[in-house]
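Colleague: 3D model of this:
(one chain, ligands or ions: 1)
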Amino acid sequence: MESKKIKGMLSFLLIFSSFSYAQQKPFMDYVLSWDGDSSNLEVELKYAASQKDSTVFIFGDPDFGGQNDIFNVIKNIRVAKPETLRIDKANRQITIYHNSAKKHSVSYEIDGSLSVDKPTRTTQTELFRPVITNGMLTLVNVQFALDVTDESNPLVSFRWRNYPESFTYFNSIRPSEKNPLEKLSAQYDDLSGLIYFVLGDNIEVKEYNVMGVPYYCVTTIEDTYGNDLQGNFQPFFESYFPSIHRFWKDTDFPFYFLAVTVLQNNQKEIGSGGFGIKNGFVMKLGKKFDTRGKYVTAHETSHSWIGTKMMLGADSFDNQWFGEGFNDYITIVNLANSKIYGEEDFLHYLNEETLKPHYESKIKGVHNDSIAAKYWTDYANYGKLPYRRGCIYAFYLDNQIRQASNGKFTLRNMLLDLYGLKMGKKRDELLTVDDFIAAGASYVDKKELQGQVARYMIEGHPIDFKSIQLIDGFEVEINDSVPRVKLTQGADLTKIYQW
Ligand SMILES: [Zn+2]
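Modeller: Numbers count the residues shown, from 1 in each chain. Next up is the predicted model:
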């Protein structure tokens with residue numbers, strides 16, 4: 001499959017180039033340098049200008065982790081004569097006037113320092129800003145590269161000129177490339193999914209083959225919490241990722257990476273944070289890796305399907321009960337299937353992290369439309385609501401499908417059909433709640449399903465566990481209106497969740 005695609009693309013490029021020989025193709029060519037212990041990255045950018053008199057670049061994105069002062073990290077911006085420069089700090093805009101120069105370039109520095117007097121107190125500080133410190137560099141492209149404001153879709157390339165040769169290097173454009181001197185290129189529009197660079201003297205990159213998909217595990221080797229991160233993640237590569245690829249019957253990925261490094265500047269334990277990135281997941285850890293760390297890793301990597309490959313509606317906020325809640329259920333189901341979660345961890349997540357806080361929540365009954373506005377300002381309530389509401393319904397729907405089919409089908413069959421529906425659509429065509437209902441209608445009564453989605457997911461009424469039936473393997477007890485799920489005598493979680 002892969003080689004066919006590449007062949008197709010090459011012939012396209014050749015045809016294209018025969019028509020465009022007269023015009024210089026847009027490009028942005030970055031050369032990076034770092035000495036290994038300072039907090040400065042030196043950047044030289046050569047580019048073709050599609051705008052005649054001047055080129056306008058934007059640096060940084062405050063929406064990426066709420067870093068409103070991100071423009072402060074770019075320093076010492078300079079151009080060569082006759083070109084001149086105007087910097088608009090408030091709009092993070094850099095305008096270069098070409099003054100009829102034929103070749104264009106700009107140099108600048110990225111300050112990735114972490115102040116010793118101000119230890120990292122929230123993971124955002126290191127997750128969403130450049131980290132360039134003694135022996136360690138982690139960089140996302142929005143933290144060091146420039147945004148072009150025209151629609152030219154240039155070919156963007158990166159290569160390193162100076163770097164400490166003994167350091168371990170990882171890049172998310174072509175992760176098999178271990179030599180920083182080699183140029184990495186991709187079309188600008190394809191890079192929108194973020195690029196990640198790691199360079200350090202305390203970094204290990206392990207490669208795995210998961211059902212034919214190359215997987216990369218990038219971690220710090222030693223840390224102050226006594227973590228053995230490569231050891232912690234090994235079960236994910238050996239059982240969780242195979243589980244989830246089998247769950248979705250899908251191995252159509254060029255590669256996948258997990259980059260987990262510890263915070264460089266915190267002095268006490270402060271938890272962990274992460275973000276998804278094209279073909280990978282980045283996490284920064286400020287504590288010992290624990291059950292919560294396993295959940296976060298599993299949940300985030302599970303978003304490769306629900307969240308990335310399929311979403312209900314145009315905006316991820318529209319139906320987070322699906323995007324976060326159903327993803328959460330798929331996460332714990334796969335943790336059970338891969339035996340990373342046993343009965344105790346599985347039921348703890350379902351009961352203590354989901355059912356209990358949901359049924360005790362004062363806002364459990366608010367309408368789906370009221371979530372987006374308060375999602376970030378009241379994350380503890382509104383942010384968590386769609387995870388819990390959706391996960392509980394996914395569990396209930398799974399039970400209904402199993403009962404209606406006498407155990408022949410599960411929620412997995414319905415989700416596979418929904419995934420098939422998505423694959424049958426055009427690339428930018430979205431899945432809708434109606435598609436969700438259409439997929440479910442093969443397994444449960446359509447009218448009933450429509451009513452449930454409207455009542456429980458959109459209007460927000462909590463499911464009444466007193467009046468519903470679960471499969472033989474589960475039973476439920478209700479204390480102070482809080483349902484609690486248990487396994488019945490002799491029931492085996494790995495038998496319930498097998499595929
Ligand atoms: Zn999520």
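
Colleague: how far is stretch 310-321 from where the chain is centred?
Modeller: 15 Å (C-alpha atoms, centre = their mean, to the nearest Å).

Colleague: How about that stretch, which residues are buried there?
Modeller: Neighbour-count burial for stretch 310-321, with 16 or more other C-beta atoms under 10 Å as criterion, is recorded at 310-312, 318-321. For every residue, glycine as well, the C-beta is placed using N, CA and C.

Colleague: Could you dump those into TSV with distance to residue 64 and secondary structure added?
Modeller: Listed next are the buried residues of stretch 310-321 as TSV, based on distance: C-beta to C-beta, whole Å; DSSP: H, G, I helix; E, B strand; the rest coil:
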residue	distance to residue 64	secondary structure
310	24	strand
311	20	coil
312	24	strand
318	22	coil
319	24	coil
320	20	helix
321	25	helix
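
Colleague: which of those residues lies closest to residue 349?
Modeller: Nearest to residue 349 among the buried residues of stretch 310-321, counting by C-beta to C-beta, is residue 321 at 17.2 Å.

Colleague: Next up, the contacts around the residue nearest to the closest one when sequence neighbours are not counted.
Modeller: Once flanking residues are discounted, residue 321 sits nearest to residue 390: 3.5 Å by C-beta to C-beta, 6 or more residues apart in numbering. Counting by C-beta atoms under 8 Å, 6 or more residues apart in numbering, residue 390 touches 320-329, 457.

Colleague: List the buried residues of the helix or strand hosting residue 390.
Modeller: Assessed by DSSP states H and E, residue 390 sits inside helix 385-404. By neighbour count on 16+ other C-beta under 10 Å, the buried set for helix 385-404 is 385-402.

Colleague: next one: that helix to chain centre, how far?
Modeller: Distance, centroid of helix 385-404 to centroid of chain: 24 Å (C-alpha atoms, centre = their mean).

Colleague: Quick one: neighbours of residue 272, just the number.
Modeller: 21 (other C-beta atoms under 10 Å).

Colleague: Could I get the contacting residues of the residue lying closest to it once chain neighbours are set aside?
Modeller: Nearest residue to residue 272, sequence neighbours excluded (C-beta to C-beta, 6+ apart): residue 285, at 4.5 Å. Contact partners of residue 285, counting by C-beta under 8 Å, 6+ apart, are 223, 225, 227, 229, 260-263, 272, 293.

Colleague: What part of the chain, helix or strand, is modelled with the least confidence?
Modeller: Counting by mean pLDDT, DSSP states H and E, the weakest-scoring helix or strand in the chain turns out to be helix 2-19, with a mean of 37.

Colleague: and the next helix or strand after that helix, how far out from the chain's middle?
Modeller: Scanning forward in sequence from helix 2-19 by DSSP H and E, the next helix or strand is strand 27-33. Distance, stretch centre to chain centre, for strand 27-33: 26 Å (C-alpha atoms, centre = their mean).

Colleague: What of stretch 423-441?
Modeller: Offset of stretch 423-441 from its chain centre (C-alpha atoms, centre = their mean): 22 Å.

Colleague: what's the answer for stretch 82-90, then?
Modeller: With C-alpha atoms, centre = their mean, you get 34 Å for stretch 82-90.

Colleague: Okay, now that stretch: how far is its last residue from its first?
Modeller: 26 Å (C-alpha to C-alpha, to the nearest Å).

Colleague: Just the buried residues of it, please?
Modeller: residue 83.

Colleague: Find the helix or strand that the residue lying closest to residue 210 once chain neighbours are set aside is a member of.
Modeller: Sequence neighbours aside, residue 241 is the residue nearest to residue 210 in space, at 4.5 Å (criterion: C-beta to C-beta, 6+ apart). Per DSSP H and E, residue 241 falls inside helix 241-248.

Colleague: Would you reformat the buried residues of stretch 310-321 as CSV and include distance to residue 173 and pLDDT?
Modeller: Shown next, in CSV, are the buried residues of stretch 310-321 (distance: C-beta to C-beta, whole Å; pLDDT from 0 to 100):
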residue, distance to residue 173, pLDDT
310, 25, 91
311, 25, 90
312, 30, 93
318, 31, 85
319, 32, 93
320, 30, 93
321, 35, 96
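
Colleague: other SSEs contacting the helix holding residue 241?
Modeller: strand 203-210, helix 291-302, helix 327-337, helix 411-424 (3 or more C-beta pairs under 8 Å, 6 or more residues apart in numbering; DSSP states H and E).

Colleague: need the least confident one among those, by mean pLDDT.
Modeller: Looking over the helices and strands packed on helix 241-248, mean pLDDT reaches its minimum on helix 291-302, with a mean of 91.

Colleague: Would you mind listing the buried residues in that one?
Modeller: Buried-residue list, helix 291-302, by 16+ other C-beta under 10 Å: 293-302.

Colleague: got the residue ranges for the helices in the stretch 1-150 of the chain?
Modeller: 2-19, 124-127 (DSSP state H, counting those that start in this stretch).

Colleague: now the shortest one: mean pLDDT?
Modeller: Averaging pLDDT along helix 124-127 gives 89.

Colleague: Show me what counts as buried in that helix.
Modeller: 124-127.

Colleague: Same list, the residues you listed, but as CSV with distance to residue 357 please.
Modeller: Formatted as CSV, these follow (distance: C-beta to C-beta, whole Å):
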residue, distance to residue 357
124, 24
125, 28
126, 28
127, 25
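
Colleague: what are the C-alpha coordinates of the helix holding residue 241, in PDB please?
Modeller: The C-alpha trace of helix 241-248 is given here as PDB (Å, rounded to 0.1, in the frame of the first residue of the first chain):
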ATOM      1  CA  PHE A 241      -1.200  -0.900  20.900                       C
ATOM      2  CA  PRO A 242      -1.800  -4.400  19.400                       C
ATOM      3  CA  SER A 243      -5.100  -4.500  21.200                       C
ATOM      4  CA  ILE A 244      -6.300  -1.200  19.900                       C
ATOM      5  CA  HIS A 245      -5.100  -1.900  16.300                       C
ATOM      6  CA  ARG A 246      -7.100  -5.100  16.500                       C
ATOM      7  CA  PHE A 247     -10.100  -3.400  18.000                       C
ATOM      8  CA  TRP A 248     -10.300  -1.000  15.000                       C
END
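
Colleague: need the contact list for the residue nearest to residue 210.
Modeller: Counting by C-beta under 8 Å, 6+ apart, residue 241 has contacts 208, 210, 215, 256, 301.

Colleague: Now do residue 211: how many residues are near it, please.
Modeller: Residue 211 is flanked by 12 other residues according to other C-beta under 10 Å.

Colleague: likewise residue 209?
Modeller: If you count neighbours by other C-beta under 10 Å, residue 209 ends up with 9.

Colleague: Pull the number of nearby residues for the closest residue to it other than its chain neighbours.
Modeller: Take residue 209 and drop its neighbours on the chain: the residue closest to it by C-beta to C-beta, 6+ apart is residue 215, 7.2 Å away. For residue 215, the neighbour count with other C-beta under 10 Å is 22.

Colleague: Closest to residue 161 out of the buried residues of helix 124-127?
Modeller: residue 126 (25.7 Å).

Colleague: what's the helix or strand for residue 346?
Modeller: Counting by DSSP H and E, residue 346 is found in helix 343-350.

Colleague: Would you mind getting the angle between that helix and helix 291-302?
Modeller: 70 degrees (axes from the mean of the first three to the mean of the last three C-alpha atoms, to 10 degrees).
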